[in-house]
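Colleague: pasted the sequence and its predicted model underneath.
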Amino acid sequence: MNDVRDSQADDTYDVIVLGAGPVGQNVADHARAGGLTVAVVERELVGGECSYWACVPSKALLRPVIAVADARRVDGARQAVTGRLDTDRVFARRDHYVTDWDDSGQAAFLKDIGAGLVRGQGRLDGPRRVTVTAEGAAPRTLTARHAVAIATGSDPVLPDIPGIGGARPWTNRQGTDSSTVPARLAIVGGGGVGVEMATLWQGLGSRVTLIARHPLLPRMEAFAGELVADGLTRAGADVRIGVQATAVRRPDPAGPVTLTLDDGSEVVADEVMFATGRAPRTGDIGLDTVGLAPGSWLDVDTTCLVRGVEGDWLYALGDVNHRALLTHQGKYQGRTAGDAIVARAARRPLDDAPWGDHATTADQHAVPQVFFTDPEAAAVGLSADEATRAGHRVRTVDVDFTAAQGANLFADHYQGRARMVVDLDRDILLGVTFAGPGVSELLHSATIAVAGEVPLKRLRHAVACFPTVSEVWLFLLTAYERG
Ligand SMILES: Cc1cc2nc3c(=O)[nH]c(=O)nc-3n(C[C@H](O)[C@H](O)[C@H](O)COP(=O)(O)OP(=O)(O)OC[C@H]3O[C@@H](n4cnc5c(N)ncnc54)[C@H](O)[C@@H]3O)c2cc1C
Ligand SMILES: NC(=O)c1ccc[n+]([C@@H]2O[C@H](COP(=O)([O-])OP(=O)(O)OC[C@H]3O[C@@H](n4cnc5c(N)ncnc54)[C@H](O)[C@@H]3O)[C@@H](O)[C@H]2O)c1
């Protein structure tokens with residue numbers, strides 16, 4: 001493969017990618033593998049939010065918390081867990097996995113695949129043109145022969161409540177890069193970030209108050225959020241559901257912070273973290289120069305082409321298209337769109353029918369997600385409510401994990417539940433949810449069943465090993481067959 005230098009003589013490339021997060025890197029890799037020249041523009045760290053302030057550091061920090069909780073669930077092992085977590089070592093482990101916030105390894109990946117890396121803030125400047133500005137360097141204008149792919153990710157949203165400006169709140173950034181444990185931490189928001197951060201910081205020794213206006217994990221089956229709330233409460237966190245923060249104040253910048261809630265109560269903490277959703281990083285990327293509204297989520301077709309832009313050249317992938325704010329799903333979009341860009345450039349026909357090579361069909365039918373809480377919550381596809389709302393004729397099957405001997409051997413007094421949602425007309429699964437210790441590694445079996453549309457008649461021949469947690473499948477399928 002030809003090497004592409006950082007600065008091609010005329011700064012013209014086949015493909016320009018804005019953002020070198022996991023998604024930008026994947027689209028670049030697939031475009032390069034198809035023989036196209038690629039420049040990737042990055043304003044901060046190659047690897048993006050995921051590598052340095054989201055998935056990777058949060059899971060590096062959570063793993064010791066969960067490992068100790070798992071040991072405590074096994075008699076004989078429990079007695080060996082006598083001390084507290086060594087937070088210095090936990091933070092050092094995190095620092096190792098975020099490579100001390102040094103992106104040279106991931107920048108080397110781009111070099112290895114032959115993509116050019118242009119450091120700076122990229123902005124569209126009309127069709128197929130991108131200007132890049134960086135401190136201390138002259139602006140550059142890059143031109144794309146075939147495609148520009150926007151993969152600029154998302155930013156945390158802070159609620160517009162009195163006092164927020166002076167409250168020095170944490171977002172996912174401080175929640176994942178801090179190396180001191182606040183004695184008291186208030187977390188606002190009961191979605192994925194809120195519950196994982198509550199598990200993590202409570203496990204590291206903070207007294208966490210989690211403030212959620214809806215039941216936890218509202219996009220999953222309700223039992224998942226309920227089990228996670230129970231787990232947090234057992235760990236010592238104060239979980240307050242059905243309330244929201246109406247004001248925040250930190251009169252002394254070095255002192256505690258006080259949240260006022262809409263039930264009239266107050267929460268005093270040493271730090272407050274907002275985990276109240278995300279906004280697209282599209283406010284300052286020149287969308288107006290191509291007729292789109294700055295700051296908007298980008299609406300895309302199945303190949304990730306942005307709708308409403310003429311000429312089939314502008315793609316949006318990952319968080320910015322709001323399909324599924326997940327690294328693995330964005331990377332899938334990167335692979336799919338990368339291959340679509342290559343096909344379009346070569347004027348080859350697209351395979352963009354559902355489940356084709358150039359279609360991101362799984363975004364609609366089979367998005368898997370794991371929350372690394374204690375217990376873990378994992379789901380793929382539709383919940384029972386979503387399936388019913390979508391007009392499917394469904395049957396829901398629920399099983400307690402303790403039916404599976406493997407679960408009991410995995411953890412004494414195992415507490416967990418599984419649900420599958422069956423499409424009665426097609427005899428396939430529309431969705432599966434697991435909540436319980438160790439279920440994260442079980443989820444891919446469900447993802448294969450849902451994405452593969454495996455008929456239940458065939459699924460009964462996929463025999464789970466005795467005695468594994470996966471035996472829950474046997475009990476789900478038997479319960480279904482026996483009606
Ligand atoms: C706390 C937390 C934990 C999470 N945990 C998980 C998890 O366990 N699993 C999971 O699948 N998902 C998780 N997510 C979601 C995941 O982080 C995102 O879905 C993922 O990072 C999206 O990847 P991306 O490449 O679209 O964006 P990003 O990772 O945000 O990368 C975008 C890149 O674009 C760059 N950029 C932005 N604007 C410009 C510009 N104008 N010019 C040049 N460069 C630009 C940014 O600097 C950044 O490097 C988590 C999120 C949070 C907040
Ligand atoms: N393990 C994982 O896969 C993982 C982990 C963390 C985050 N993520 C992803 O990152 C994205 C962002 O996560 P998130 O948790 O920030 O967003 P989210 O949208 O999932 O949850 C935010 C929650 O905050 C609540 N909220 C909003 N404003 C509020 C207010 N003023 N007061 C009280 N509550 C308020 C919302 O009702 C919602 O439940 C999600 O799409 C999530 O899937 C994934």
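Modeller: Nice, I can see it. Numbering: from 1, shown residues only. Ligands and ions are numbered 1, 2, ... in the order given.

Colleague: going by C-alpha atoms from here, please, whenever you check contacts or count neighbours.
Modeller: Fine.

Colleague: list phi and psi for residue 334.
Modeller: When read as degrees, to the nearest 10, the backbone of residue 334 gives phi -60, psi -40.

Colleague: got it, and the one 10 residues further on?
Modeller: Reported as degrees, to the nearest 10, the phi and psi values for residue 344 are phi -60, psi -40.

Colleague: isn't it up against residue 350?
Modeller: Yes - in this structure residue 344 lies within contact range of residue 350 using CA atoms under 8 Å: 7.3 Å.

Colleague: local confidence estimate at residue 5?
Modeller: We note a pLDDT of 43 for residue 5 in this prediction.

Colleague: wait, I meant residue 202
Modeller: 98.

Colleague: where's it, which helix or strand?
Modeller: Following DSSP states H and E, the helix or strand that holds residue 202 is helix 192-204.

Colleague: alpha carbons only: can I get the next helix or strand after that helix in CSV?
Modeller: The helix or strand immediately downstream of helix 192-204 is strand 207-212, counting by DSSP H and E. Only the C-alpha atoms of strand 207-212 are listed here, as CSV (Å, rounded to 0.1, in the frame of the first residue of the first chain):
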residue,chain,number,x,y,z
ARG,A,207,-20.2,8.4,49.5
VAL,A,208,-22.3,8.7,46.3
THR,A,209,-25.7,10.3,46.0
LEU,A,210,-27.3,9.4,42.6
ILE,A,211,-30.0,11.8,41.5
ALA,A,212,-32.2,10.5,38.7
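
Colleague: quick check: neighbours of strand 207-212 in the sheet, parallel or antiparallel?
Modeller: Strand 207-212 sits in its sheet next to strand 184-188 (parallel), strand 238-241 (parallel), going by DSSP bridges.

Colleague: between these, which gets nearest to residue 388?
Modeller: strand 238-241 (26.0 Å; CA to CA).

Colleague: who's in contact with that closest one?
Modeller: Under the contact criterion CA atoms under 8 Å, 6 or more residues apart in numbering, strand 238-241 has outside partners 207-216, 229, 232-233.

Colleague: what's the most distant pair in the residues you listed?
Modeller: 207 and 214 (21.3 Å).

Colleague: so which of these two has more stuff around it?
Modeller: Applying other CA atoms under 10 Å to residue 207 and residue 214 shows that residue 207 carries more neighbours, namely 22 against 15.

Colleague: let me see the contact set for the more buried one.
Modeller: Residues near residue 207 by CA under 8 Å, 6+ apart: 183-185, 201, 236-238.

Colleague: among the residues you listed, which ones lie close to ligand 2?
Modeller: Checking these against ligand 2 by CA under 6 Å from any ligand atom, not one of them is in range.

Colleague: out of those, which is nearest to residue 116?
Modeller: Of these, the one sitting nearest to residue 116 (CA to CA) turns out to be residue 201, at 39.1 Å.

Colleague: can I assume that closest one is in contact with residue 209?
Modeller: No - applying CA under 8 Å, one finds residue 201 not in contact with residue 209, separated by 10.4 Å.

Colleague: spit out the residues that contact those two alike.
Modeller: Counting by CA under 8 Å, 6+ apart, the common neighbours of residue 201 and residue 209 are residue 185.

Colleague: check which helices and strands the host helix or strand of residue 328 is in contact with.
Modeller: Assigned by DSSP H and E, residue 328 falls within helix 327-345. For helix 327-345, the helices and strands in contact under the criterion 3 or more CA pairs under 8 Å, 6 or more residues apart in numbering; DSSP states H and E are helix 22-33, strand 137-150.

Colleague: and the ones you listed: which comes nearest ligand 2?
Modeller: With respect to ligand 2, and counting by CA to the nearest ligand atom, the nearest of the helices and strands packed on helix 327-345 is helix 22-33 at 14.0 Å.
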